[in-house]
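Undergrad: Pasting a predicted model and its sequence here:
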Amino acid sequence: MTAAPSGPPRGVDRQRWVVETLSVRPGDRLLEIGCGGGTATALVAERLATGHVLAIDRAATAVRQARERNATRIHAGTVEVRHLDIAVAELPDGSFDTVFAVNVSLFWLATPPGLLDRIGRLLAPGGTLHVFAERPVRAAVEAIAAQVSGALQASGFDPVTTVVTGGRAAVAAARTLSRPRPGTSAP
């Protein structure tokens with residue numbers, strides 16, 4: 001006989017850690033890329049008063065689950081969930097204070113050309129991009145954090161901060177649009 005696990009399921013624990021790390025303020029405008037079943041979206045929405053979170057996922061099943069989990073907040077106008085791929089999304093520039101993604105391998109495996117520039121344009125002045133990863137082996141999460149950090153720096157995000165604790169990594173970065181990206185000239 002095995003003992004029942006105590007505490008919240010691992011995924012919920014991860015999402016709580018993500019939301020704590022984001023330091024969501026009541027009026028924030030957030031974009032979650034790859035929202036899955038909407039757990040982080042729900043936890044973010046709990047902290048919003050006048051703010052809004054747009055949660056997107058390219059999987060129809062995930063979008064359905066996220067909409068079900070967040071139905072009350074969708075009805076209230078705090079949450080919007082869309083079936084959308086960030087690689088082709090047309091969203092207004094400067095419309096988010098925070099963009100975040102949890103375990104979205106797009107950021108460390110095969111980032112489409114121009115994606116980080118597009119995300120940078122989505123951020124309002126002073127806004128930040130947060131990329132979170134969780135893996136069972138610390139070396140794997142360290143490699144992911146290094147890959148993401150390097151890609152963000154190469155795309156003109158500055159400063160980039162990385163925190164690795166156990167099997168979790170959080171990479172946060174701001175985009176300074178007034179500075180030219182490395183290898184480009186100023187307008």
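TA: Done, it's in. Numbers count the residues shown, from 1 in each chain.

Undergrad: By average pLDDT, which secondary structure element in the chain comes out worst?
TA: Across the helices and strands of the chain, mean confidence by mean pLDDT, DSSP states H and E is lowest for helix 10-22: a mean of 83.

Undergrad: buried sites along it?
TA: Judged by neighbour count using 16 or more other CB atoms under 10 Å, the buried positions of helix 10-22 are 14-15, 17-19, 22. In this view, the C-beta of every residue, glycine as well, is placed from N, C-alpha and C.

Undergrad: same thing with stretch 58-75?
TA: Those buried within stretch 58-75 under the rule 16+ other CB under 10 Å are 58, 62-63, 65-67, 69-70, 73-74.

Undergrad: Low-confidence bits of this structure, can you list those?
TA: In the prediction, the chain carries residues with pLDDT under 70 at positions 1-11, 176-187.

Undergrad: ok, which stretches of it are strands?
TA: Secondary structure of the chain, counting by DSSP state E: strands at 29-33, 52-57, 79-83, 96-102, 123-134, 157-165, 168-175.

Undergrad: what angle do the longest one and strand 96-102 make?
TA: It refers to strand 123-134. Direction vectors for strand 123-134 and strand 96-102, defined by axes from the mean of the first three to the mean of the last three CA atoms, to 10 degrees, enclose an angle of 20 degrees.

Undergrad: And strand 123-134, what does it pack against?
TA: On a contact count with 3 or more CB pairs under 8 Å, 6 or more residues apart in numbering; DSSP states H and E, strand 123-134 meets helix 10-22, strand 96-102, helix 138-154, strand 168-175.
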